[in-house]
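Undergrad: Kindly generate the corresponding structure for this input.
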Amino acid sequence: MGIYEEIASNQRRTFLLIFFFFGLVISLGLVLGLAYGNSYFGIGLAVVIGILYFLFSWYGGANAILTMMHAKEATKPEYAHLINTVEGLAIAAGLPKPPKVYVIEDSALNAFATGRDPQHASVTVTTGLLKKLNRLELEGVIAHEMSHIKNYDIRVMMLAAVMVGLTVLLSDFILRSFWMGAHGRRREGNQLGLLLMVVGIVLAILAPLIGELIKLSISRKREFLADADGALLTRYPKGLADALRKIKGDPDPLVDYANKATAHLFISSPFRKGSLTKIFNTHPPIDDRIKKLEQM
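TA: Residues are numbered from 1 along each chain as shown. Purely as a prediction, here's the structure:
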């Protein structure tokens, strides 16, 4: 699939995510309405919360992520090489403007890109990455993130993060409403209170799973594609392959301020590996990515 087909595919994914987003909001609103005895009230409240959350995330989500990650904008001369690398690769990728550059004070080796489109994009790297990678390896990582920006992956990934957050927020609100409502109805001997309580508990259990499934909708192919496009930008696949090898060997991969809602943004999982995390892994195995790069 060519670059333009990939961009068109991501635009379709954007509309599908928005469609699913509002469908999810309406569904949660119906359940919320049960807690208050008025479905229209529940749907209206959920839609208002959903629209406000969506608009805030669309126009301020990237800044919120950067703030949450304690990212600081990179300035010259301290980060002159990093900024020059980003600017050079932005030109090579044909972006309308260079992304803003941010740095996180963290020993882990990682990086991510965010923003709603190439005109409002940013690239963030950890200080650990800057210290451990050489020039060619750093170029490989930045080119990978630049490809996410060019292919509009950043928009799809940001919408996924928005949906995860809203799902958890509304589900928690519904559970609390059920809990308080059930207490009142229990005294009246109304079985509806018990039913709402059960529904609320089920929602609370399913919300994190829904969030994980949404993140998994960001196909692992996106990472393979960004690897390939990044290698095409630098004309040196070995640079990214060597960088991924160092990232895999990082003894402390945990990014301090990362969370499950934003994990899929990173070039590699920001959490320590565990047997259970493989079930909901948002990234393909690094060994597979290295193998593909070495075959180019």
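Undergrad: Test my guess that Gly61 contacts Met157.
TA: No - counting by C-beta atoms under 8 Å, Gly61 does not reach Met157; the two are 10.5 Å apart. The C-beta positions use only the backbone N, C-alpha and C, and glycine is treated the same way.
Undergrad: quick one, what contacts Thr67?
TA: Thr67 makes no contacts at all, as judged by C-beta atoms under 8 Å, 6 or more residues apart in numbering.
Undergrad: That one: helix or strand, and which one exactly?
TA: helix 39-68 (DSSP states H and E).
Undergrad: helices and strands around the next helix or strand after that helix, which ones?
TA: Later in the chain than helix 39-68, the nearest helix or strand by DSSP H and E is strand 72-73. The contact analysis (3 or more C-beta pairs under 8 Å, 6 or more residues apart in numbering; DSSP states H and E) places strand 72-73 against strand 100-104.
Undergrad: Run through who's touching the strand it packs on.
TA: Outside strand 100-104, the residues touching it (C-beta under 8 Å, 6+ apart) are 66, 69-74, 79, 82-83, 86, 121-127, 130, 255, 257.
Undergrad: Where does the prediction get shaky in the stretch 151-296 of the chain?
TA: The stretch 151-296 of the chain contains residues with pLDDT under 70 at 161-162, 178-197, 199-201, 203-205, 207-208, 210-212, 214-220, 261, 272-280.
Undergrad: shared neighbours, Gly61 and Met157?
TA: By C-beta under 8 Å, 6+ apart, the residues touching both Gly61 and Met157 are Thr114.
Undergrad: picking that back up, show me which residues of the helix holding Thr67 are buried.
TA: Within helix 39-68, the residues scored as buried using 16 or more other C-beta atoms under 10 Å are 42-43, 45-46, 49-50, 53-54, 57, 61-62, 65-66.
Undergrad: pLDDT score assigned to Leu109?
TA: As predicted, Leu109 sits at a pLDDT of 96.
Undergrad: repeat for Glu78
TA: pLDDT, Glu78: 94.
Undergrad: how many neighbours does it have?
TA: 10 (other C-beta atoms under 10 Å).
Undergrad: Would it be right to say that it lies in a helix?
TA: No - according to DSSP: H, G, I helix; E, B strand; the rest coil, the state of Glu78 is coil, so it is not within a helix.
Undergrad: Would you pull up how far stretch 118-128 lies from the middle of the chain?
TA: 13 Å (C-alpha atoms, centre = their mean, to the nearest Å).
Undergrad: And that stretch, end to end?
TA: Terminal residues of stretch 118-128 lie 26 Å apart, using C-alpha to C-alpha, to the nearest Å.
Undergrad: Next, the residues that contact that stretch from outside, please.
TA: Residues contacting stretch 118-128 (C-beta under 8 Å, 6+ apart): 62, 66, 69, 71, 82, 86, 95-97, 99-115, 138, 141-142, 145-146, 149-150, 152, 154, 250, 255.
Undergrad: Quick check: buried residues in it?
TA: Buried residues in stretch 118-128, counted by 16+ other C-beta under 10 Å: Pro118, His120, Ala121, Ser122, Val123, Thr124, Val125, Thr126, Gly128.
Undergrad: Mind pulling the model confidence for the fifth one?
TA: The predicted local confidence for Val123 comes out at a pLDDT of 97.
Undergrad: tell me the angle of the helix or strand hosting it relative to helix 39-68?
TA: Assigned by DSSP H and E, Val123 falls within strand 121-126. Strand 121-126 and helix 39-68 are oriented at 60 degrees to each other (axes from the mean of the first three to the mean of the last three C-alpha atoms, to 10 degrees).
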